[in-house]
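**Student:** For reference, the sequence and a predicted model appear below.
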Amino acid sequence: MPRFSANISMLYPELPFLDRFAAAASDGFKAVEYVGAYDQPTAVLVDLLQEHGLTQALFNLPAGNWAAGERGIACHPDRVAEFRESVDKAIEYAKANGCTQVNCLAGIAPAGVARAELESVLAENLRYAAPRLAAEGIMLLLEPINTRDMPGFLINSTDDYERIAAAVGHENLYLQYDFYHMQIVQGDLIPTFQRLQSRIGHVQIADHPGRHEPGTGEINYANIFKVLDEAGYSGWVGAEYRPKAGTSAGLGWFETWRSAAR
Ligand SMILES: O=C(O)[C@@H](O)C(=O)CO
Ligand SMILES: [Mg+2]
């Protein structure tokens with residue numbers, strides 16, 4: 001049975017961030033994930049997880065100045081020192097809240113730098129991060145993201161992930177397979193999941209078009225959930241979508257799993 005994690009960077013936008021833990025637990029989620037909460041002391045986050053019986057499924061490495069439009073710094077040639085510091089910060093937070101995987105956002109390609117150089121910087125940064133995270137029992141993930149939602153984002157497809165992973169050459173670099181992005185970029189969702197399953201550390205879901213709840217678009221999630229089970233996928237499935245109505249009101253797709261998990 002798939003285990004769902006509420007992505008509280010996207011779900012419960014009607015609530016302040018720290019109130020979203022309680023809301024996710026009350027809606028039947030057993031785990032939460034988010035882009036990052038480095039502005040909060042670890043103790044606050046750990047208390048919320050404990051109070052609501054939640055697991056921290058995932059968060060991202062510090063991704064630069066999000067409000068200014070940055071979406072990761074890992075491919076930026078002039079930010080290598082900052083990237084290295086961000087690995088230490090992520091380890092500190094992951095150890096505090098018991099999280100066993102962190103996602104690296106490659107970043108938006110800076111203008112005027114050749115793609116080969118950006119990929120080389122990214123690979124070098126990941127080669128730095130992968131063993132350090134492995135030593136702490138934390139999986140490092142790399143997520144391809146479509147460029148309609150994030151114009152200029154460097155890593156867009158599973159081919160991109162596989163090429164970077166080959167360049168990095170460390171086994172602690174897994175794929176974060178977001179079905180929504182993959183539907184836009186390349187389709188072929190199930191065969192690609194099956195081919196790369198041993199390298200997939202985390203999956204995320206949203207329907208397309210609109211990035212709304214499963215069942216609102218063209219992706220057959222009933223079938224995908226069956227495939228995840230048949231494949232023995234044991235990781236979390238991150239519900240990372242923009243609710244069409246209120247978050248709780250839109251959880252019809254989750255009813256079967258929520259009841260079974262209680
Ligand atoms: O798919 C996404 O957008 C993410 O998983 C993320 O962490 C960055 O927004
Ligand atoms: Mg995602």
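**Tutor:** Structure's in. What do you need? Numbering: from 1, shown residues only. Ligands and ions are numbered 1, 2, ... in the order given.

**Student:** List the contacts of residue 24.
**Tutor:** If you count contacts by C-beta atoms under 8 Å, 6 or more residues apart in numbering, residue 24 has them with 6, 8, 11, 12, 32, 52, 54. (C-beta placed from N, C-alpha, C; glycine too.)

**Student:** Next up, the contacts around the third one.
**Tutor:** Residue 11 makes contacts with 20, 23, 24, 239, 241, 243, 247, as judged by C-beta under 8 Å, 6+ apart.

**Student:** Is the residue in the stretch 51-200 of the chain that ligand 2 sits nearest to bridged to anything, and to what?
**Tutor:** Taking C-beta to the ion, ligand 2 has its nearest neighbour within the stretch 51-200 of the chain at residue 178, 3.7 Å off. Judged by DSSP bridges, the bridge partners of residue 178 are residue 204.

**Student:** hang on, isn't it packed against residue 141?
**Tutor:** No - under the criterion of C-beta atoms under 8 Å, residue 178 makes no contact with residue 141, lying 10.5 Å away.

**Student:** more neighbours, these two?
**Tutor:** residue 141 (25 against 22; other C-beta atoms under 10 Å).

**Student:** close enough to count as contact, residue 148 and residue 184?
**Tutor:** Yes - between residue 148 and residue 184 there is a contact under C-beta under 8 Å: 6.3 Å.

**Student:** Neighbour count: those two, which is higher?
**Tutor:** Remark: of residue 148 and residue 184, residue 184 carries more neighbours, 18 against 11, as counted by other C-beta under 10 Å.

**Student:** Got the phi and psi for that one?
**Tutor:** Backbone torsions of residue 184, given as degrees, to the nearest 10, read phi -70, psi -40.

**Student:** residues touching it, list them.
**Tutor:** By C-beta under 8 Å, 6+ apart, the neighbours of residue 184 are 146, 148, 149, 208.

**Student:** Pull out the buried residues from these.
**Tutor:** 146, 208 (16 or more other C-beta atoms under 10 Å).
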